[in-house]
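Asker: Sequence unavailable; structure follows:
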């Protein structure tokens with residue numbers, strides 16, 4: 001059983017920041033953020049409607065995205081400026097720890113209906129499994145091309161650490177035959193394994209987004225999770241190769257970056273995350289539900305980008321302006337799943353006179369459903385028993401979306417398409433399986 005992370009540095013940091021000494025205390029920045037601050041090209045991230053979770057004045061935020069001066073000082077970040085190093089190797093200093101994880105993710109939707117998913121990761125299970133052990137500390141690639149008719153090609157490949165390298169001052173990840181490089185504005189994903197390959201360029205249509213510091217600290221500990229939405233929406237061009245045949249690709253894409261220093265099951269009960277488009281707007285909604293040890297806190301995000309003007313319409317986080325409600329239980333597509341699941345999530349935003357909402361509703365097009373830890377080690381059994389976790393699942397569907405904006409200078413509504421995922425670390429939050437009533 002992994003020991004609970006101690007509040008070893010947090011109390012000290014409160015004292016030193018209050019005394020104005022935070023910058024003088026070594027080792028008090030987030031993993032991967034230490035060292036010289038980079039001066040390469042960076043993108044402004046204005047979020048005029050963004051608010052964060054509440055925390056003591058001038059103090060550190062727990063169980064929500066950091067937003068105070070102390071939070072930014074701790075992470076070595078600027079409030080309104082995202083720098084290239086933030087998309088670099090954030091867990092480089094802790095990579096020997098099996099509990100640490102990190103991945104760089106992108107997906108693309110072609111004008112012809114082709115869908116591409118491209119991910120490079122430092123862990124086999126991306127932090128979904130408690131007590132992963134040294135066996136889980138392996139880098140992997142996931143490259144999948146799905147044809148317009150739904151036929152998928154490619155898959156997951158594991159590698160040795162001698163096959164992996166990553167810069168810390170920018171996004172420059174190399175794993176076997178694959179590369180993932182970029183500068184916040186333009187990204188290039190390239191490589192081929194077997195009969196599947198990609199050579200794609202993604203160009204940002206908007207500015208990168210992070211909710212506050214983009215980092216959630218769990219309670220009074222050093223246990224944390226980070227999310228940086230680098231390319232909320234971009235244009236994509238290049239080629240994909242399937243069965244040795246290369247074809248051109250044009251469409252749109254997305255890129256984000258995730259990392260943490262302890263597996264999700266120790267702090268997260270479940271999350272919902274959706275991404276899609278409605279006319280000229282790119283929309284993203286997230287809603288993390290933390291475990292009761294961390295106040296059963298919810299951590300929502302509501303993001304609307306105007307891809308025509310490149311301006312951020314809404315960039316909000318925190319329960320004072322954003323809510324998300326799950327509804328409409330449906331049978332899960334995998335018979336092994338012992339309950340129903342919520343097929344719809346409705347996000348609302350309210351800040352003064354500004355209001356907005358969007359809804360993601362699953363269709364019958366399943367993208368992926370996976371049960372984790374089907375053959376747990378004894379250490380994993382012990383950990384899951386202590387945490388009260390029965391099963392761990394990840395499900396992702398294609399969706400229909402609806403968006404309504406009632407903001408100063410913007411009044412519109414429409415529908416579109418996207419994807420909606422559910423990550424569940426225990427099925428306690430799932431609706432019970434519906435049973436038919438005898439006639």
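Answerer: Sure thing, it's come through. Quantities reported herein were computed from a predicted structural model and do not represent experimental measurements. Residues are numbered from 1 along each chain as shown.

Asker: hang on, residue 60 packs against residue 66?
Answerer: Yes - using C-beta atoms under 8 Å, residue 60 and residue 66 qualify as a contacting pair, with a distance of 7.2 Å. C-betas here are computed from N, CA, C, even on glycine.

Asker: neighbour-wise, which of these two wins?
Answerer: Remark: of residue 60 and residue 66, residue 66 carries more neighbours, 27 against 19, as counted by other C-beta atoms under 10 Å.

Asker: Need the residues touching each of residue 60 and residue 66.
Answerer: 74, 217 (C-beta atoms under 8 Å, 6 or more residues apart in numbering).

Asker: List the buried residues in stretch 272-289.
Answerer: Within stretch 272-289, the residues that count as buried by 16 or more other C-beta atoms under 10 Å are 272-278, 281-289.

Asker: Run a quick neighbour tally on residue 138.
Answerer: The number of residues near residue 138, taken as other C-beta under 10 Å, comes to 18.

Asker: Tell me if I'm right that it and residue 156 touch.
Answerer: No - counting by C-beta under 8 Å, residue 138 sits too far from residue 156 to count as a contact (10.9 Å).

Asker: Return the subset of the buried residues of stretch 272-289 lying in strands.
Answerer: The subset of the buried residues of stretch 272-289 located in strands under the criterion DSSP state E comprises 272-278, 281-289.

Asker: Please, where are all the strands along the stretch 151-300 of the chain?
Answerer: 152-158, 164-166, 171-175, 178-182, 186-193, 196-204, 215-217, 224-242, 245-260, 268-278, 281-290, 298-306 (DSSP state E, counting those that start in this stretch).

Asker: relative to strand 186-193, how tilted is the fourth one?
Answerer: So that's strand 178-182. Compare the direction of strand 178-182 with that of strand 186-193 by axes from the mean of the first three to the mean of the last three C-alpha atoms, to 10 degrees and you get 180 degrees.

Asker: What strands flank strand 178-182, and is each parallel or antiparallel?
Answerer: When sheet partners are counted by DSSP bridges, strand 178-182 sits next to strand 171-175 (antiparallel), strand 186-193 (antiparallel).

Asker: how about those, which one is nearest residue 433?
Answerer: Counting by C-beta to C-beta, residue 433 lies closest to strand 186-193 out of the strands paired with strand 178-182; the figure is 39.0 Å.

Asker: what's the angle between that closest one and strand 196-204?
Answerer: Computed by the same axes, to 10 degrees, the angle between strand 186-193 and strand 196-204 is 180 degrees.

Asker: mean confidence score for strand 186-193?
Answerer: Strand 186-193 shows a mean pLDDT of 97 in the predicted model.

Asker: next one: stretch 250-269
Answerer: Stretch 250-269 comes out with an average pLDDT of 98.

Asker: Same question for stretch 398-409.
Answerer: Per-residue pLDDT over stretch 398-409 has a mean of 95.

Asker: What residues of that stretch count as buried?
Answerer: By neighbour count, and taking 16+ other C-beta under 10 Å as the criterion, the buried residues in stretch 398-409 are 398, 399, 400, 401, 402, 403, 405, 407.

Asker: just stretch 92-106 next, same as before
Answerer: Residues 92, 93, 95, 98, 99, 100, 101, 102, 103, 104, 105, 106 are the ones in stretch 92-106 that count as buried (16+ other C-beta under 10 Å).

Asker: Secondary structure element holding the last one?
Answerer: Element membership for residue 106 (DSSP states H and E) is strand 101-110.

Asker: about what we covered before: to residue 134, which of the strands paired with strand 178-182 lies closest?
Answerer: If you check each of those against residue 134 by C-beta to C-beta, strand 171-175 wins as the nearest, at 18.9 Å.

Asker: re earlier: in a markdown table, list the strands paired with strand 178-182 along with distance to residue 164 and mean neighbour count.
Answerer: A markdown table is the format used below for the strands paired with strand 178-182 (distance: least, C-beta to C-beta, whole Å; neighbours: other C-beta atoms under 10 Å):
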| stretch | distance to residue 164 | mean neighbour count |
| --- | --- | --- |
| strand 171-175 | 5 | 21 |
| strand 186-193 | 13 | 18 |
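
Asker: out of these, which comes closest to residue 268?
Answerer: strand 171-175 (24.7 Å).

Asker: Touching that closest one from outside, list them.
Answerer: By C-beta under 8 Å, 6+ apart, the surrounding residues in contact with strand 171-175 are 84, 87-89, 104, 120, 139-141, 159, 163-167, 179-183, 187, 230, 257.

Asker: how big is the angle separating that strand from strand 101-110?
Answerer: Going by the same axes, to 10 degrees, strand 171-175 is angled at 90 degrees with respect to strand 101-110.

Asker: Would you check how far apart residue 200 and residue 258 are?
Answerer: 20 Å (C-beta to C-beta, to the nearest Å).

Asker: Please apply the same query to residue 170.
Answerer: Applying C-beta to C-beta, the value for residue 170 to residue 258 is 17 Å.

Asker: And for residue 370?
Answerer: Counting by C-beta to C-beta, the gap from residue 370 to residue 258 is 17 Å.

Asker: Could you do residue 178 as well?
Answerer: Between residue 178 and residue 258 the distance is 18 Å, computed by C-beta to C-beta.

Asker: do the same with residue 119
Answerer: Between residue 119 and residue 258 the distance, using C-beta to C-beta, works out to 10 Å.

Asker: Correct me if wrong: residue 207 contacts residue 310.
Answerer: Yes - in this structure residue 207 lies within contact range of residue 310 using C-beta under 8 Å: 7.3 Å.

Asker: These two: which is more packed in?
Answerer: residue 207 (22 against 12).

Asker: Quick one: find the helix or strand in this protein with the lowest mean pLDDT.
Answerer: Least confident helix or strand of the chain, by mean pLDDT, DSSP states H and E, is helix 10-18 with a mean of 35.

Asker: anything in contact with each of residue 119 and residue 258?
Answerer: Counting by C-beta under 8 Å, 6+ apart, the contacts common to residue 119 and residue 258 are 103, 105.

Asker: how deep is residue 292 tucked in, by neighbour count?
Answerer: Residue 292 has 9 neighbours, counted by other C-beta under 10 Å.
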